[in-house]
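# Provide a 3D model corresponding to the input given below.
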Amino acid sequence: MSTVQSKELSIAGAWVFEPSRFDDDRGLFVAPYQEAAFTEAVGSPMRVAQSNHSVSRRGVIRGVHFADVPPGQAKYVYCPSGALLDVVVDLRVGSPTFGAHEAVVLDSTSYRAVYLSEGLGHAFCALADNTVASYLCSTAYAPAIERTVAAMDPALGLPWPAEITPILSERDAAAPSLAEAAEAGLLPRYAG
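Okay, the predicted model is just below:
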């Protein structure tokens, strides 16, 4: 029996996973990623080519990142320390939910995880200092095909907490808006 509950989000190709945690007098145990539960929910296993780990101070926003499709880059993200607001953005031109987003709080209490398939954009905001984001990626980092869309684009209206002063990398701060990226032909196409 699986110890992970899953739910597809309103954006096709994105899921949230809720693993069971087991606490005792020694501490806790949790398995944030379980292949059988993942495959049952998504319909196919996830190829893992790389594991990423980032540590961010409160207010850091990373993203909205995506990779050219093909090959694209699917991600399975969870937060083993701290808390973050994880956001999935549908960047696929022609998708019925193009430009829509879903936000899920990931933290080191629930160990909830988010999966986003190729073509979807990913961003997060650290809600606490020393927040760790850990994610499995279906393809290795390839700078030539990595893209970004402005996380602060008013047209996207991403739900960044009002009480947090955003901290962005130079690359993310200079990213094009969704409309500019679409006009430049940088966005993936919806496969249906």
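# residues in a beta bridge with the nearest residue to Gln34 once chain neighbours are set aside, which ones?
Closest residue in space to Gln34, ignoring its immediate chain neighbours: Val4 at 5.1 Å, by Cβ to Cβ, 6 or more residues apart in numbering. To be clear about C-beta, it is placed using only N, CA and C from the backbone, and glycine gets the same treatment. Val4 has these beta-bridge partners by DSSP bridges: Pro19.
# for Val4, what are its contacts?
Applying Cβ atoms under 8 Å, 6 or more residues apart in numbering to Val4 gives the contacts 17-20, 31, 34, 37-38.
# show me where the protein has helices.
With helices called from DSSP state H, the chain shows them at 35-42, 170-173, 178-183.
# any chance of these in TSV, plus mean neighbour count?
Formatted as TSV, these follow (neighbours: other Cβ atoms under 10 Å):
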stretch	mean neighbour count
helix 35-42	15
helix 170-173	13
helix 178-183	16
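# I'd like those helices as JSON lines, with distance to Gly192 and mean pLDDT appended.
Formatted as JSON lines, the helices of the chain follow (distance: least, Cβ to Cβ, whole Å; pLDDT from 0 to 100):
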{"stretch": "helix 35-42", "distance to Gly192": "17", "mean pLDDT": "96"}
{"stretch": "helix 170-173", "distance to Gly192": "30", "mean pLDDT": "98"}
{"stretch": "helix 178-183", "distance to Gly192": "18", "mean pLDDT": "98"}
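# quick one: which of these is nearest Ala133?
Counting by Cβ to Cβ, Ala133 lies closest to helix 170-173 out of those; the figure is 14.5 Å.
# hmm, who's touching that closest one?
Outside helix 170-173, the residues touching it (Cβ under 8 Å, 6+ apart) are 61-63, 148, 150-151.
# same thing but at 10 Å, please
Here helix 170-173 makes contact (Cβ atoms under 10 Å, 6 or more residues apart in numbering) with 60-65, 123, 146, 148-152, 166-167.
# and those residues, which are buried?
Among these, the ones that count as buried by 16 or more other Cβ atoms under 10 Å are 60-65, 123, 148-151, 167.
# the spatially closest residue to Thr148 that is not a sequence neighbour: what's it in contact with?
Closest residue to Thr148 apart from its sequence neighbours, by Cβ to Cβ, 6+ apart: Ala175 at 4.2 Å. Counting by Cβ under 10 Å, 6+ apart, Ala175 makes contact with 63-65, 147-153, 168-169, 181.
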